[in-house]
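A.B. asks: using only what follows, build the 3D model:
(chains A and B)
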Amino acid sequence: AQSVAQPEDQVNVAEGNPLTVKCTYSVSGNPYLFWYVQYPNRGLQFLLKYITGDNLVKGSYGFEAEFNKSQTSFHLKKPSALVSDSALYFCAVRSSSGNTPLVFGKGTRLSVIA
Amino acid sequence: EAGVAQSPRYKIIEKRQSVAFWCNPISGHATLYWYQQILGQGPKLLIQFQNNGVVDDSQLPKDRFSAERLKGVDSTLKIQPAKLEDSAVYLCASHSLAYQETQYFGPGTRLLVL
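C.D. replies: You can find the predicted model right below:
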């Protein structure tokens, strides 16, 4: 069965500092990995994805994530946080083998403090 | 390109009443999903359509939930009768036929059952 773990319910970071939001996964076969962001009263917005190729993936708004197969991780990072980055972040995974559903983590709330 | 449209945005009903949600996916997207997002959790898949056929409805509570996508475009999700635990945000997402493609989400319908 597929699963995603986001071990931190909340991450606090000062504006201008680097941020990391952690994600580990479990999936049969090779993973397709996604990060989404959710602002209050809004749907999920796509940030970036890993399908294949380079382990470092760059996405929207200066975010990037590194796929680490040996650690089954896909942590989201940004070199310099902005107050406007404050939101709820979701990691999601599906297997590359077959039409399996996208499974989401429970989310991590990021708070960037000015 | 227009995004995924959903209506209504908010709905308040009493338990045992019925309610319906509507979704219009991005033009040309063959695959459509309905998710349930309970407060403090990640989205959970309810049903997946490919064109007008059901691909996966294994997590849909079929005694009270139903969904259809008759012409392979718009979709409706119905709850009858509603229970208190159905209070959640109902998200619609779509993507093109290739299953490694990104799912794009609508703004969601926030349902409160009293």
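A.B. asks: CA only for contacts and neighbour counts going forward, please
C.D. replies: OK.
A.B. asks: just give me how far stretch B:43-53 sits from the chain centre.
C.D. replies: With Cα atoms, centre = their mean, to the nearest Å as the basis, stretch B:43-53 stands 8 Å off its chain's centre.
A.B. asks: got a list of contacts for that stretch?
C.D. replies: By Cα atoms under 8 Å, 6 or more residues apart in numbering or on different chains, the surrounding residues in contact with stretch B:43-53 are A:101-104, B:30-37, B:54-60, B:67-73, B:91, B:97.
A.B. asks: same check on stretch B:107-114?
C.D. replies: A:41-44, B:4-15, B:21, B:82-92.
A.B. asks: likewise for stretch A:14-28?
C.D. replies: Contacting residues not belonging to stretch A:14-28 are listed as A:1-8, A:11, A:13, A:71-83, A:91, A:93-95, A:97, A:108, A:112-114 [Cα under 8 Å, 6+ apart].
A.B. asks: which residues does the most centrally placed residue in chain B bridge with?
C.D. replies: Nearest residue to the geometric centre of chain B (Cα atoms, centre = their mean): residue B:34, 2.9 Å. Beta-bridge pairing of residue B:34, defined through DSSP bridges, involves residue B:47, residue B:92.
A.B. asks: looking at it, it is touching residue B:90, isn't it?
C.D. replies: Yes - the pair residue B:34 / residue B:90 is scored as a contact, 6.9 Å apart, by Cα atoms under 8 Å.
A.B. asks: for residue B:1, give me the pLDDT.
C.D. replies: On pLDDT, residue B:1 comes in at 60.
A.B. asks: for chain B, what are the nearby residues on chain A?
C.D. replies: Neighbours of chain B within chain A, by Cα under 8 Å from any Cα of the partner chain: A:32, A:41-46, A:49, A:51, A:90, A:96, A:99, A:101-107.
A.B. asks: do that again at 7 Å, thanks
C.D. replies: Counting by Cα under 7 Å from any Cα of the partner chain, chain A comes close to chain B at A:32, A:42-46, A:99, A:104-107.
A.B. asks: list the ones among these that fall in strands.
C.D. replies: Judged by DSSP state E, strands contain the following of these: A:32, A:44-46, A:104.
A.B. asks: can I get the residues you listed in TSV including distance to residue A:56, neighbour count and pLDDT?
C.D. replies: As requested, these are exported to TSV (distance: Cα to Cα, whole Å; neighbours: other Cα atoms under 10 Å in any protein chain shown; pLDDT from 0 to 100):
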residue	distance to residue A:56	neighbour count	pLDDT
A:32	14	21	92
A:44	22	25	92
A:45	20	19	93
A:46	17	18	93
A:104	21	26	96
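A.B. asks: same list (those) but as TSV, adding distance to residue A:59.
C.D. replies: Shown next, in TSV, are these (distance: Cα to Cα, whole Å):
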residue	distance to residue A:59
A:32	15
A:44	15
A:45	12
A:46	9
A:104	18
